[in-house]
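Participant: This is the structure alone, sequence omitted:
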């Protein structure tokens, strides 16, 4: 393998991985519908392409393995091999082994021990099958090993009005070596019929010596009697001729029209990103130009029209550019289908997987980042959420459980949902565990939604007891962390005995956010609109000082901690006093906080940029964006502020307080320990 | 990362290695003025010179970081070397220029603007006109960011190591910001 051209190998490694993913998906579909000829044909084609690719890249062993897989699938198609779970297990294992081999190759491994195992496993299947085929009854399934081309020929023969016959014959007992005899016979047969396939295959007639039985699939105009006479004349004994059922197993002419894959090109990600950067610059340049005072006040109608058109095209270009990075969630769902299948078999559970919204598109990096969370969620659903078939039967449910993966748009976000119809979350166990961990106080009332949300707490997730009793928990804190790192949210709903649903609310893209542009002194900051709950112009009497230390805002009866953005960012001349400015109520990981700002300037869609390297750690900021006037605006990291505010009031600079501020005695007796209801959002 | 830094800098620290290191410094420099001192940055590291535009202050960063600017859609930091060298901050005027430099640190490409009082010229400095950085005695003046002292057209040019402008610890923060999002 040493002289393999690196470029060819690279192409194969990329495409091979895709082919294997396709094989996986197709096998899953075939397992669900073993008679689906379209799927089988796709399988054959994919395995065949894999074989070709491996051959081109000089990876003989992989080509061999792929060839064996193709063989097995061909037999499934012809019905000479029963599509049972043993076969599927072996095929799935082979695909896995090849995937592992490809990643070995990517890492530069020279030895591919896994591949040999694939070959052996497939040979075992083929070996059993070979015997089975020989022993099979003549009136059984057609029994021929047909390639793609053979199917085309059968189709053509039919179109020409020939009848398709299966001819079975035996060599005369006197013939010691039937192979030359068979060749001669086939040569003669060709004069009268078109031979599509023979069993054993014409290229390797050796097995004839043992079986002394030759089957020929051929198309002919001659009647079967004429053919029989000719064959007997040629020295055949025991001739049996049967017409092959035209709608039978070998027929795949009546394919249902199916959606054709759209044409596509492969582009390196760096090029796409380069293009997106340029589009981003264009968008900014355009909006800068439109905001130049001399241009903005142009009265010429034609000039305005032109400008309007430029604006529109730029926006369209930006949308199109962003769509370049979008990929459908289909691939992710397919990978999950495999996980579900394997886990279900391992745990002896019957699970049906339903997916919807496979074509919903997400930013590539979003898909990458929710892959692990998805695996966690699916695994939890299978391991803990879904009962064993007997438990289900006892509970009056169907034995087969259902896991639903759904993706859909909702209000500018994309929701990816994992739903099961299992036993549901055990609220008592969650409460007990949360109590033990000190997350809630004994006997404290807690809203049901908040109680359920506790499953995303890290303490609960690592605990074996809760996992065993209530199900759920492994890595759910990681799920939440991953999703929230993308400015998304997770939510859970569960009904006892009816099942659990976990939703991940995800941003359409990581590159653009809706922002609220706020002014602090002479500076401007961007608050992600997703985090904004409301903005309030507080009445002076609604602002209360707690323990003489922190200002809080009374919002409809509940107290909201206040943070002055100007003070946090040491802005000169910014408003520190809530009653003189505006309060933007934001909601982050920790809890809600009121940010005191001077003014709300605009709602703005902004392209998120890295804040630039060389700055060290910029606290309470999550990025930067170019504002329409070409200047840089900084994006406020709401989560960081709320977490700091929730963890330790002293971590944030105190909101301004006038010395004569009277502590609102009795309003709040103790500012530190907070009800879990407040911690949970 | 710290130790690697030390290793790369070790040959400059003493003995025969110093002369070799200094010889490597020969080449073209863009010279500029900070207060009344003349500094030089290797031309190859300079991407462009831009006029001063409005700099957005980034709260919570080091004092010598003036903020960030929009360089044709890219957000890059601008540092004020006078603040770093305790020479009082650059007062923005007609002559003030931002030198945009690009260099690699720990495999990460960094782009940064350097605010200077005035850009002077591009001069070639030959090896024989370069001296190792002067030693002002321990703790007196931090010369880590001075690669050497060159003489060109009767001027003394302090050859600036731009990656040294950010200390090793700051570099580490930089790459963490760059990769950690």
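Facilitator: That came through fine. Keep in mind that what you see is a predicted model, and the values were worked out from it rather than measured. Numbers count the residues shown, from 1 in each chain, chains lettered A, B, ... in the order given.
Participant: Bridged to the closest residue to residue A:344 other than its chain neighbours, which residues?
Facilitator: With sequence-adjacent residues excluded and distances taken as C-beta to C-beta, 6 or more residues apart in numbering or on different chains, residue A:344 is closest to residue A:351, at 4.1 Å. Glycine gets a C-beta too; all of them are placed from N, C-alpha and C. Beta-bridge pairing of residue A:351 under DSSP bridges involves residue A:401.
Participant: which residues sit in contact with residue A:351?
Facilitator: Taking C-beta atoms under 8 Å, 6 or more residues apart in numbering or on different chains, we find residue A:351 in contact with A:340, A:341, A:343, A:344, A:382, A:386, A:400, A:401, A:402, A:403.
Participant: show me what contacts the residue positioned nearest the centre of chain B?
Facilitator: For chain B, the residue sitting closest to the mean C-alpha position, by C-alpha atoms, centre = their mean, is residue B:162 at 2.7 Å. By C-beta under 8 Å, 6+ apart, the contact set of residue B:162 is B:41, B:45, B:101, B:103, B:112, B:114, B:145.
Participant: if we go to 6 Å?
Facilitator: Residues in contact with residue B:162, defined by C-beta atoms under 6 Å, 6 or more residues apart in numbering or on different chains, are B:101, B:103.
Participant: pLDDT weak spots in chain B?
Facilitator: B:1-21, B:106-107, B:135-144, B:164-181 (pLDDT under 70).
Participant: switch the cut-off to 80
Facilitator: B:1-24, B:72-73, B:86, B:104-109, B:133-145, B:152-154, B:162-181 (pLDDT under 80).
Participant: Quick one: the strands in chain B, in order.
Facilitator: B:27-34, B:37-42, B:46-51, B:65-71, B:74-79, B:97-105, B:108-116, B:118-125, B:130-131, B:146-152, B:155-160 (DSSP state E).
Participant: Just send the contacts of residue A:351 back as TSV, with pLDDT too.
Facilitator: Formatted as TSV, the contacts of residue A:351 follow (pLDDT from 0 to 100):
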residue	pLDDT
A:340	88
A:341	87
A:343	85
A:344	86
A:382	87
A:386	86
A:400	86
A:401	89
A:402	91
A:403	92
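Participant: Let's see if you can find the most crowded of those residues.
Facilitator: Within the contacts of residue A:351, most neighbours by other C-beta atoms under 10 Å in any protein chain shown means residue A:386, with 29 neighbours.
Participant: Backbone torsions only: list them for that residue.
Facilitator: The phi/psi pair for residue A:386 (degrees, to the nearest 10) reads phi -90, psi 140.
Participant: Wait, it touches residue A:401, no?
Facilitator: Yes. Residue A:386 lies in contact with residue A:401 (C-beta atoms under 6 Å); the separation is 4.3 Å.
Participant: returning to what we had before: residue A:481 is nearest to which of the strands of chain B?
Facilitator: strand B:108-116 (25.0 Å; C-beta to C-beta).
Participant: for chain A, what's the longest helix?
Facilitator: Determined from DSSP state H, the single longest helix within chain A is helix A:6-32.
Participant: In the stretch 51-200 of chain A, where is pLDDT below threshold?
Facilitator: A:52, A:55-60, A:77-85, A:106-164, A:171-177, A:191-192, A:199-200.
Participant: show me where it has helices.
Facilitator: A:60-78, A:85-106, A:113-135, A:148-159, A:178-192 (DSSP state H, counting those that start in this stretch).
Participant: out of those helices, nearest to residue A:431?
Facilitator: Between the helices of the stretch 51-200 of chain A, helix A:85-106 lies closest to residue A:431; by C-beta to C-beta that is 40.8 Å.
Participant: Can you point out the buried residues in the closest one?
Facilitator: For helix A:85-106, the neighbour count (16 or more other C-beta atoms under 10 Å in any protein chain shown) marks A:87-88, A:90-92, A:94-99, A:101-102, A:104-105 as buried.
Participant: Check which helices and strands it is in contact with.
Facilitator: helix A:6-32, helix A:113-135 (3 or more C-beta pairs under 6 Å, 6 or more residues apart in numbering or on different chains; DSSP states H and E).
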